[in-house]
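Asker: whatever this is, show me its structure:
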Amino acid sequence: MLVNNGFWFSGIPALVSVGPGIGIFAAGQYPTPVNTTTLYTFATNTTQSGANLNPGTYGAAAAGNTTLCVFGGGANNQVATAVTNVYTFANNTVANGTNLKAVRYQLSGVGNATVGIFGGGYTGSTYVATTDAYTYSGNTVAAGTNLHTARNGLASVGTTTVGIFGGGVTTANTAVTDVYTYSGSTVASGTNLGTARTVPAAAGNLTVGIFGGGSTGSVVAITDKYTYSGNTVAAGTNLSVAESVMGATGNYTVGIFAGGFNSSSVPTAATSIYTYSGNTVNPGTNLPTAIGYQAAASSSPGGF
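Answerer: Numbering: from 1, shown residues only. Down below sits the predicted model:
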C-alpha cells in the first residue's frame, strides 16, 4: 500500500499534498517524432531529463508498475509501429521490449502491477478495437479482448482490477467507455463521459479516474470524473489550460496533465495538477519543451 509521505509542492498554493513518485512524459511531436523523456517529481514539482527511447514515436501509449513502464505503438511520419520500449525507473535505463501484436498509433494503455493493456488506435487506414496484453515479467505479449467500439484518440485509467477506456473518435467524436477486467480479459460497456471528444488524457487513483481536455472540434479544458464503484460520471474541475493530445499521469493524490496542443493548435509545455480530493486544479511546472502526442506513466501509479 502506498504511504502519503506528507510532501508539498512549492510554487503552488500551500496544502496541496502530492505524495511520492515520479511521472515520465515520453516522446511525441508530429509528424516527426522525438525520443526524449522528461521526469516530473510530484513531491517537489520539478522536472529533469530522463533516458531517451529507441526509437521515438508520437501517439504511443504507456502502462507500467512501480518498477518499470512500457511505451508501445505510435507512429513515425504517419507510419504506424508495434515497437515497445521498457523504461526502468531505478536506474533510468531503456531497453527494447516485445512488439505489440498489431501496429497502430493514438492507442491508449492502462494496467496493474502485472499486465498492461494497450487498446484501440489507428493503423493508418483503419480504426481498431484491438487490445494487446503485455505481461511485464518475461516481456510477453498476447492478444486481449477487443473493445466494444473501434476508435483512436482514446484515453484510459483504472485500478488493480479494471481499466476504463474512454472517448476517442471513429467517424465522429465519441463519449463511450469500455471497462476492461484484467482477470479473465472481459470487456463491458461503461458509462458514457459527459462530453464526446477525441484525444483527452486520463489519470486517477483507486477510486476515481479523471478524463481531461481533448477536442470536441475545439480544444477544451473540461474534465469528467469517473467513479469506478457504480460506474458513475460527473463533471470535474476544468484544467488550468485547454489542451489536446497531451500526456497524463500521477499517483494516488494528484494527476498531472502536461503538454499537448492549445486552442491555437500550437504545442504547449503547460501542466495542470488535479487533486482528486476536493477536485482542485492548480498550474504545475512547465515541461522543458512544448510538445504534443506524448505518452506518460508513473513510478507510483494511483491504482496500486
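
Asker: mind listing the strands for the stretch 101-250 of the chain?
Answerer: In the stretch 101-250 of the chain, strands defined by DSSP state E, counting those that start in this stretch lie at 108-111, 115-119, 131-135, 140-143, 155-158, 162-166, 177-181, 186-189, 201-204, 208-212, 223-227, 232-235, 247-250, listed in chain order.

Asker: can I get the first one in PDB, CA atoms only?
Answerer: As requested, C-alpha coordinates have been extracted for strand 108-111 and formatted as PDB (Å, rounded to 0.1, in the frame of the first residue of the first chain):
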ATOM      1  CA  SER A 108      -4.100   4.000 -25.100                       C
ATOM      2  CA  GLY A 109      -2.600   2.000 -22.300                       C
ATOM      3  CA  VAL A 110      -3.700   1.000 -18.700                       C
ATOM      4  CA  GLY A 111      -2.900  -1.900 -16.400                       C
END
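
Asker: quick one: the residue lying closest to residue 218 once chain neighbours are set aside from residue 216, how far?
Answerer: Closest residue in space to residue 218, ignoring its immediate chain neighbours: residue 263 at 6.8 Å, by CB to CB, 6 or more residues apart in numbering. C-beta here means a position set from N, CA and C on the backbone, and glycine is covered the same way. As judged by CB to CB, to the nearest Å, residue 263 and residue 216 stand 11 Å apart.

Asker: so which of the strands of the stretch 101-250 of the chain is nearest residue 24?
Answerer: Nearest of the strands of the stretch 101-250 of the chain to residue 24, taken as CB to CB: strand 247-250 at 7.2 Å.

Asker: can you give the contact residues for the closest one?
Answerer: Surrounding strand 247-250, the residues in contact under the criterion CB atoms under 8 Å, 6 or more residues apart in numbering are 23-26, 28, 40, 42, 62, 155, 201-205, 210, 212, 255-260, 274, 294-298, 302.

Asker: in ChimeraX, how would I select the buried members of these?
Answerer: Restricted to buried positions by 16 or more other CB atoms under 10 Å, the ChimeraX selection for the contacts of strand 247-250 reads:
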select :23,24,25,26,28,40,42,62,155,201,202,203,204,205,210,212,255,256,257,258,259,260,274,294,295,296,297,298,302
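
Asker: among the contacts of strand 247-250, name the ones in strands.
Answerer: Using DSSP state E, the subset of these located in strands is 23-26, 40, 62, 155, 201-204, 210, 212, 255-258, 274, 295-298.

Asker: now do the contacts for residue 271.
Answerer: Neighbours of residue 271 in contact, by CB under 8 Å, 6+ apart: 40, 240, 256-259, 283-287.

Asker: tell me the one of those residues nearest residue 108?
Answerer: For the contacts of residue 271, the minimum distance to residue 108 (CB to CB) is 14.6 Å, reached by residue 257.

Asker: separation between that closest one and residue 284?
Answerer: Relative to residue 284, and taking CB to CB, residue 257 is found at 8 Å.

Asker: who touches both of these two?
Answerer: Taking CB under 8 Å, 6+ apart as the contact criterion, the residues that touch both residue 257 and residue 284 are 271-272.

Asker: which residues touch stretch 235-243?
Answerer: For stretch 235-243, the external contacting residues (CB under 8 Å, 6+ apart) are 194, 210, 212-213, 219-225, 257, 259-263, 268, 270-272, 274, 279-283.

Asker: ditto for stretch 120-131
Answerer: The set of residues external to stretch 120-131 that reach it, using CB under 8 Å, 6+ apart, is 61, 73, 75, 78-80, 101-108, 117-119, 143-154, 165, 168-170, 180.
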